[in-house]
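Peer 1: Make a model of this:
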Amino acid sequence: MVLAALREARRALTVGRASHPDCLHLLGRLYQKLGHWLSAKRAYMLVIEHDPCRPLTLNNLVLLELEALDAEAANRWLRLAFALPSLDEHESDLLTAAACQLRLFELQPHVAVGLTKTQLRRVQSVMTLNNHAACCHKLGKFSSAVRAQRLALDRLLDDFPDAPRGLSVGEYLWKSLGTPQGSIALQTQLFNLGIYQLCLNPSDHKFLPLIRAHYSSNPEFWSNPSRRSTFWSGSPCDELIVWDDQGFGDTIQNLYWVNEAARRVKRIRLLLRPTLLPMVRERLSLPVHCHLDVMTTDSAPWNECASQVPLYYLPFVLGVWPLPQSVARFPYFNRVQPALVGRRLRVGLVWSAGHHRAPQPERCARERDVPFHDFWTLALRWKALSGCTLLSLQLEGCNRGLPADAIASGQLIQAVDSNDWLATLERLESLDVLVTVDTSVAHLAGAIGLPTLLILPCPAEWRWGQDGCQTPLYSAMHLARCSQPGDWSQALLQADRWISRRLAIPPAVSIITHNSQTLSSASAATLNPD
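Peer 2: Residues are numbered from 1 along each chain as shown. Prediction:
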């Protein structure tokens with residue numbers, strides 16, 4: 001439908017049947033919906049040349065710049081839009097929502113939540129309630145996030161007169177609202193509601209099934225019946241395809257469950273990205289009827305006449321989640337490099353969650369980053385008092401600033417130089433301990449049983465829970481937590497105490513942080529170009 005509308009808009013411009021600004025704006029919207037960002041921006045810029053006082057076009061330019069991860073440019077367009085005279089209520093709401101998403105991207109949830117409260121005093125729309133729920137989630141106010149998301153769900157159902165009412169939230173899972181757009185909106189609401197509730201209680205059996213709503217939040221689920229009909233229920237079958245669908249950390253975590261899935265089927269195919277295959281072949285013990293294959297961007301497991309399930313959903317389909325809090329998973333990747341005796345202790349460091357091309361994962365990664373100045377100050381203390389060797393397992397961000405200076409001076413050794421996962425595992429094997437933020441390397445360290453200190457922001461991602469220093473995911477992992485959003489001092493103090501015990505050095509008396517930006521984790525605010 002979007003492609004057909006795009007062809008019609010182009011035809012209208014060609015024959016001059018539509019006013020240029022209106023038609024160009026529509027063209028930009030359609031390109032934006034298709035993810036053709038440069039074409040969308042060219043269309044919007046032509047609109048601004050004709051008429052610089054179009055708030056909806058400026059609003060969409062804000063969203064485009066966010067897609068390009070350019071907050072400075074987004075702010076420029078936003079200022080121009082708010083400076084326009086006589087904004088109507090709809091235009092003002094859209095711009096305020098765009099401002100909310102921009103502040104969330106800039107890690108300013110306290111500012112963003114003030115914007116949503118202002119909007120809610122005018123109208124309790126689905127978009128505004130979604131944004132408010134996301135802000136509350138970022139601030140660790142999970143009960144408020146759940147309430148706002150439930151209201152958003154009710155408002156969405158009100159917009160569809162034929163929608164079933166009075167069902168439990170679980171009964172709306174994979175329900176259609178008649179159109180792909182409406183159905184995707186419903187499933188997105190359910191997924192966000194599930195995440196917010198699981199932050200309150202990671203073992204909530206009523207809301208755990210809502211995780212599967214994410215699988216149906218794309219157009220192909222509704223246009224291709226095989227996406228739904230082939231999804232594995234966990235029952236015995238002849239052939240099962242388990243495929244790599246999320247980030248590397250999720251994949252490494254859930255490879256643990258492949259053997260359990262294999263016990264229920266006659267043949268299993270495991271599709272993984274090429275960079276993971278050598279490590280899995282060499283270090284993960286798989287049954288003889290499990291066959292490894294490459295997962296590419298063109299792979300479509302749901303079209304192969306077999307049951308299929310993405311790795312992300314495997315523990316939920318198997319019914320093995322939630323994990324018992326009293327029993328932690330033991331290492332499941334094989335370690336082959338023996339510990340060396342008589343050498344200096346080796347401490348691995350990871351302080352950043354890496355970079356991403358899309359705004360939501362990029363924002364979530366930045367929320368998990370520990371301020372390097374404070375992290376490095378502690379690491380130098382450990383080195384000075386124990387004589388340990390410090391090694392960076394950080395692939396990105398080591399070629400500039402303080403990290404580059406630390407490597408150039410020889411105080412920090414760069415231990416990885418590629419995204420070869422088998423090589424990364426071998427570097428981890430050479431360590432005595434790893435200190436890391438929530439990233440894929442942390443999961444790999446846990447999977448091989450390396451003593452690992454994981455530094456978590458406040459709030460933490462739901463699977464880690466919001467309290468406690470242990471996790472049932474990995475037996476050799478210890479958790480250090482921020483006590484409130486943006487304040488890393490308590491987490492760093494906990495990290496120092498744990499590492500000091502392992503290095504047999506006195507712990508620090510206190511931690512004074514150099515940078516206290518507001519950081520937290522949350523789902524994306526809901527916005528669409530208009």
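
Peer 1: For this protein, just list every one of the strands.
Peer 2: With DSSP state E applied, the chain shows strands at 237-243, 265-272, 290-294, 307-310, 346-350, 389-392, 413-414, 433-437, 452-456, 477-481, listed in chain order.

Peer 1: dump the residue contacts of the residue positioned nearest the centre of the chain.
Peer 2: Centroid-nearest residue in the chain: Pro361, 4.6 Å away (criterion: C-alpha atoms, centre = their mean). Applying C-beta atoms under 8 Å, 6 or more residues apart in numbering, we find Pro361 in contact with Gly247. Glycine gets a C-beta too; all of them are placed from N, C-alpha and C.

Peer 1: To Thr230, which of the strands of the chain lies closest?
Peer 2: Comparison of these against Thr230 by C-beta to C-beta identifies strand 307-310 as nearest, at 5.1 Å.

Peer 1: give the contact list for Glu362.
Peer 2: Glu362 makes contact with 69, 355-356, according to C-beta under 8 Å, 6+ apart.

Peer 1: just the buried members of the residues you listed?
Peer 2: Taking 16 or more other C-beta atoms under 10 Å as the criterion, what is buried in those is Leu69.

Peer 1: Now tabulate the strands of the chain in a markdown table and tack on mean neighbour count and distance to Trp257.
Peer 2: Output for those, formatted as a markdown table (neighbours: other C-beta atoms under 10 Å; distance: least, C-beta to C-beta, whole Å):
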| stretch | mean neighbour count | distance to Trp257 |
| --- | --- | --- |
| strand 237-243 | 20 | 9 |
| strand 265-272 | 19 | 11 |
| strand 290-294 | 14 | 12 |
| strand 307-310 | 23 | 10 |
| strand 346-350 | 24 | 25 |
| strand 389-392 | 20 | 31 |
| strand 413-414 | 15 | 34 |
| strand 433-437 | 25 | 23 |
| strand 452-456 | 25 | 20 |
| strand 477-481 | 22 | 18 |
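
Peer 1: And these: which comes nearest Tyr44?
Peer 2: Judged by C-beta to C-beta, the one of the strands of the chain that comes nearest to Tyr44 is strand 307-310, at 35.3 Å.

Peer 1: Just the buried positions in stretch 165-179, please.
Peer 2: By neighbour count, and taking 16+ other C-beta under 10 Å as the criterion, the buried residues in stretch 165-179 are 169-170, 172-174, 177.

Peer 1: Identify the spatial nearest neighbour of Gly446, chain neighbours not counted.
Peer 2: Spatially, and ignoring its direct neighbours in sequence, Gly446 is nearest to Tyr474 (3.0 Å; C-beta to C-beta, 6 or more residues apart in numbering).

Peer 1: From what I see, that neighbour and Thr452 are in contact.
Peer 2: Yes: using C-beta atoms under 8 Å, Tyr474 makes contact with Thr452 at a distance of 7.1 Å.

Peer 1: returning to that earlier point: can you pick out the most distant pair from the buried residues of stretch 165-179?
Peer 2: Farthest apart among the buried residues of stretch 165-179 by C-beta to C-beta are Gly170 and Leu177. That separation is 16.5 Å.

Peer 1: got the residue ranges for the helices in the stretch 251-400 of the chain?
Peer 2: Assigned by DSSP state H, counting those that start in this stretch, the helices in the stretch 251-400 of the chain fall at 258-262, 277-283, 314-318, 359-368, 372-386.

Peer 1: Show residues contacting the last one.
Peer 2: Meaning helix 372-386. Here helix 372-386 makes contact (C-beta under 8 Å, 6+ apart) with 345, 347, 349, 351-352, 388-390, 401-403, 406, 411-412, 435, 488, 492, 495-496, 499-500, 503-506, 508, 511, 513-515.

Peer 1: what do you get for stretch 216-228?
Peer 2: Residues outside stretch 216-228 that contact it (C-beta under 8 Å, 6+ apart): 173-174, 176, 180, 183-184, 187-188, 191, 215, 302-303.

Peer 1: and what of stretch 51-59?
Peer 2: Here stretch 51-59 has contacts from 21, 25, 28, 44, 47-48, 77-78, 80-81, 84, 87, 91, 94-95, 98, 529-530, using C-beta under 8 Å, 6+ apart.

Peer 1: And the buried ones among those, selectable in PyMOL?
Peer 2: Entered in PyMOL, the line below selects the buried ones among the contacts of stretch 51-59, by 16+ other C-beta under 10 Å:
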select buried, resi 21+25+28+44+47+48+77+78+80+81+87+91+94+95+98+529+530
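
Peer 1: so of the contacts of stretch 51-59, which ones are in helices?
Peer 2: Using DSSP state H, 21, 25, 28, 44, 47-48, 77-78, 80-81, 91, 94-95, 98 are the members of the contacts of stretch 51-59 that sit in helices.

Peer 1: count of neighbours near Ala358?
Peer 2: If you count neighbours by other C-beta atoms under 10 Å, Ala358 ends up with 12.

Peer 1: And Arg42, by the same measure?
Peer 2: By other C-beta under 10 Å, 14 other residues sit near Arg42.
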